[in-house]
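J.: I'd like to go over a predicted model; first the sequence, then the structure.
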Amino acid sequence: MTKTRSLAVVTGASRGIGREIALTLAGHGWDIAFSHLGDEKEAAEVARLITAAGRKVLGVRCDVGVKDEVWAFFGKVMDTFGRAPDLLVNNAGIQTWASLLELAEADWDRVIRTNLKGCFLNTQRAAQLMVEHGVRGAIVNLGSACNKVAFPRLVDYTASKGGIEQFTKVSAVELGPYGIRVNCVAPGAIEHERTKLESPDYAETWARITPLQRVGHTADVAKLVHFLATEGAGFVTGQTIYVDGGAFSMPNWPYPTGQKS
């Protein structure tokens with residue numbers, strides 16, 4: 001799967017984790033098509049860096065939750081590269097902060113449409129093209145540590161990410177006979193532009209409760225995504241793999257680590 005000129009599609013790649021995934025894949029020899037709804041200057045910089053790495057790139061403004069835009073995006077991918085993708089990374093996602101009792105219906109709809117419906121629409125179209133062109137490819141969906149535990153004030157976000165985990169399993173079962181693997185990568189506390197804005201001491205706060213005693217970085221996620229796209233993960237499908245430094249493997253334990261009751 002890492003042969004020269006392999007093609008990866010990454011959604012939401014103008015910043016944060018998506019940006020790191022696109023650049024990491026380009027560094028390993030992948031051509032990149034990415035969609036975004038972010039700042040055009042940020043998207044242009046990602047494209048410039050991918051070109052500088054010697055890879056072909058296409059960046060398209062696209063709302064992943066709108067079918068017509070997704071279909072048009074993949075049409076441009078086919079026109080530009082002349083082939084179906086070998087890899088799809090469903091990274092695009094948004095979140096809102098509100099309690100269950102206060103969450104606006106419009107925010108619920110927007111988050112579910114972007115995160116869950118967007119994952120469905122892009123997976124469906126990419127898989128159709130893979131099957132049509134005989135590509136035994138890979139799909140990686142971005143979940144969250146909230147797939148495992150409840151995150152307060154993120155009810156719409158957690159619902160969307162939980163849905164993505166189950167969607168991953170069903171997709172893996174249905175697409176397996178075509179040689180297409182589907183997995184979910186679930187990041188925990190990852191420091192990037194958005195999370196830095198959530199708290200001025202984000203890294204220190206999460207390092208204190210993480211067994212590896214540090215916050216996660218975008219590269220931690222990108223490296224796993226790349227691995228899942230290679231033949232090294234050729235018998236891995238339908239799985240959710242956590243990138244959380246062990247933080248969400250611990251119970252709410254009242255004693256210091258290792259102390260007997």
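T.: That came through fine.

J.: give me the number of residues near the nearest residue to residue 189 once chain neighbours are set aside?
T.: In space, not counting the residues next to it along the chain, residue 189 is nearest to residue 206; the distance is 3.7 Å by C-beta to C-beta, 6 or more residues apart in numbering. From N, CA and C alone the C-beta is placed, and that goes for glycine too. Neighbour count of residue 206, defined by other C-beta atoms under 10 Å: 22.

J.: Regarding the residue lying closest to residue 89 once chain neighbours are set aside, what is its secondary structure?
T.: Using C-beta to C-beta, 6+ apart and skipping the chain neighbours, the partner closest in space to residue 89 is residue 10 (4.5 Å). Assigned with DSSP: H, G, I helix; E, B strand; the rest coil, residue 10 falls in the strand class.

J.: May I ask you to confirm that residue 10 is in contact with residue 20?
T.: No - using C-beta atoms under 8 Å, residue 10 makes no contact with residue 20, being 9.9 Å away.

J.: what about those two, which has more around it?
T.: A count of neighbours by other C-beta under 10 Å puts residue 10 above the other of residue 10 and residue 20, at 34 against 24.

J.: mind listing what that one touches?
T.: By C-beta atoms under 8 Å, 6 or more residues apart in numbering, the contact set of residue 10 is 18, 21-22, 25, 32-35, 89, 91.

J.: and these as a markdown table, adding pLDDT, neighbour count and secondary structure?
T.: Listed next are the contacts of residue 10 as a markdown table, based on pLDDT from 0 to 100; neighbours: other C-beta atoms under 10 Å; DSSP: H, G, I helix; E, B strand; the rest coil:
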| residue | pLDDT | neighbour count | secondary structure |
| --- | --- | --- | --- |
| 18 | 97 | 29 | helix |
| 21 | 98 | 31 | helix |
| 22 | 98 | 33 | helix |
| 25 | 98 | 28 | helix |
| 32 | 98 | 29 | strand |
| 33 | 98 | 26 | strand |
| 34 | 98 | 30 | strand |
| 35 | 98 | 29 | strand |
| 89 | 98 | 32 | strand |
| 91 | 98 | 29 | coil |
